[in-house]
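Asker: let me see the structure of the following:
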Amino acid sequence: MHEVTDTAFRQVVARIAKPDVLFTEFVSVDGLCHEKSHEKIVRYYLQFVDAERPLVAQLWGSDPEKFFRAAQMMREMGFDGVDINMGCPDKAVVKSGGGAALITRPRLAQEIIVAAKEGAGDLPVSVKTRIGFEKNEIESWMAALLDACPAAIAVHGRTKKELSRVPAQWDVIGRAARMAQGSGVLVVGNGDIKTMDDARAKVDQYGIDGVMVGRGILGNPWFFSETEPSLEDRLSTIVVHAKIFEESFAGVKSFAHLLKHLHAYATGFVGAKELRLELMRAKNADDVARIVTAWRNAHAA
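Answerer: Predicted coordinates for the structure are as follows:
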């Protein structure tokens, strides 16, 4: 998720309860392949530490040659896999021909998969997509993707047009899984997963190989631990996350980008609103630690 799953958040998740695989934010192949922006993009989006492994680099764009070059870069940087975003509904991304726009150009999508596989060498190449652009077209779209033989296809159960305004259509995800049977391509479902029990139920019911969790983990790095965090868990994680963020992005990314995480952590308990308001004024990790300590002392039993 853009501006959410950076290295700081992934490190927090890995410390608390690590899933089977983590993904980076999506990164433009155009930017990666441009001499002037390459270094900045790498520092901003592609930092990682070994604790995050296995880690897959997520790419977006519309030029097969640039996907080849970017996939080579990801292999050289030490990532464990390459994922191609063919599902993002953002207007700017779609207008540029990337993300969900590739659903309307299946031949180009195939060329991109083949190019990325060639560039990635022995790394697995996967695709994240939706069930259609304006309408459900899973049969033709899934068939086109399967012909290119990616290692896995993660299917978000909505069209580009639907964004996140309607419930995910898991019956359509199940249909995609049935189409992939015997192909050697894994199918992962995505959309509206709230708990690990829900994830397991979806795997059993729809015959998929796994589940991808997105929005459900914002503010909830305890998702994969299957435990409800205590108040102290939340407070300590706020401080730790802020420290990791500052250490990772000093001089690279504004501290303001962390505020969405701090806001999400500080919810669901007595006095949370008061803490959130204070945290929104924080300018650095020291501010966050001071605010949390003051709030804790003020609310001590």
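Asker: now do the same end-to-end measure for stretch 73-81.
Answerer: 11 Å (C-alpha to C-alpha, to the nearest Å).
Asker: contact partners for Val172?
Answerer: Contact partners of Val172, counting by C-beta atoms under 8 Å, 6 or more residues apart in numbering, are Ile131, Asn136, Ile138, Val155, Gly157. Every C-beta, even on glycine, is put in place using the N, C-alpha and C of the backbone.
Asker: for the third one, grab phi and psi.
Answerer: Taking degrees, to the nearest 10, you get phi -60, psi -40 for the backbone angles of Ile138.
Asker: does it really touch Gly132, like I thought?
Answerer: Yes. In this structure, Ile138 is within contact of Gly132 by C-beta atoms under 8 Å, at 6.6 Å.
Asker: need the overlap of contacts for these two.
Answerer: Shared contacts of Ile138 and Gly132 (C-beta under 8 Å, 6+ apart): none.
Asker: re earlier: the contacts of Val172 in strands, which ones?
Answerer: Among these, DSSP state E puts Ile131, Val155, Gly157 in strands.
Asker: make CSV out of those residues and add neighbour count.
Answerer: What follows is the ones in strands among the contacts of Val172, written out as CSV (neighbours: other C-beta atoms under 10 Å):
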residue, neighbour count
Ile131, 26
Val155, 32
Gly157, 25
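Asker: the stretch 201-301 of the chain: strands as residue ranges?
Answerer: With strands called from DSSP state E, counting those that start in this stretch, the stretch 201-301 of the chain shows them at 210-212.
Asker: helices of that one, start to end?
Answerer: Counting by DSSP state H, counting those that start in this stretch, the stretch 201-301 of the chain has helices at residues 231-249, 259-265, 272-279, 285-298.
Asker: ok, which of those comes nearest Gly219?
Answerer: helix 259-265 (2.5 Å; C-beta to C-beta).
Asker: got the contact list for that closest one?
Answerer: The contact list for helix 259-265 (C-beta under 8 Å, 6+ apart) reads 3-4, 9, 218-220, 234, 237-238, 241-242, 245, 276, 279-280, 282, 288.
Asker: filter the residues you listed down to the buried ones, ChimeraX style.
Answerer: Those of these that count as buried under 16 or more other C-beta atoms under 10 Å are selected in ChimeraX with:
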select :4,9,218,219,220,234,237,238,241,242,245,276,279,282,288
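Asker: my read: Ala115 touches Ser62, true?
Answerer: No. Applying C-beta under 8 Å, one finds Ala115 not in contact with Ser62, separated by 11.4 Å.
Asker: Cys88 versus the nearest residue to Val29 once chain neighbours are set aside, what's the distance?
Answerer: Once flanking residues are discounted, Val29 sits nearest to Gly61: 3.6 Å by C-beta to C-beta, 6 or more residues apart in numbering. Distance from Gly61 to Cys88, counting by C-beta to C-beta, to the nearest Å: 11 Å.
Asker: give me the common contacts of these two.
Answerer: Common contact partners of Gly61 and Cys88 (C-beta under 8 Å, 6+ apart): Gly98.
Asker: the two: which is more packed in?
Answerer: Gly61 (25 against 22; other C-beta atoms under 10 Å).
Asker: ok, now which ones touch the more buried one?
Answerer: Ser28, Val29, Asp30, Phe67, Ala70, Ser96, Gly97, Gly98, Ile112.
Asker: show the pLDDT at the last one.
Answerer: Per-residue confidence (pLDDT) for Ile112: 98.
Asker: close enough to count as contact, Trp141 and Glu134?
Answerer: No. The criterion here is C-beta under 8 Å, and Trp141 misses it with Glu134 at 12.0 Å.
Asker: which of those two has more neighbours?
Answerer: Between Trp141 and Glu134, Trp141 has the larger neighbour count (other C-beta under 10 Å), namely 24 against 11.
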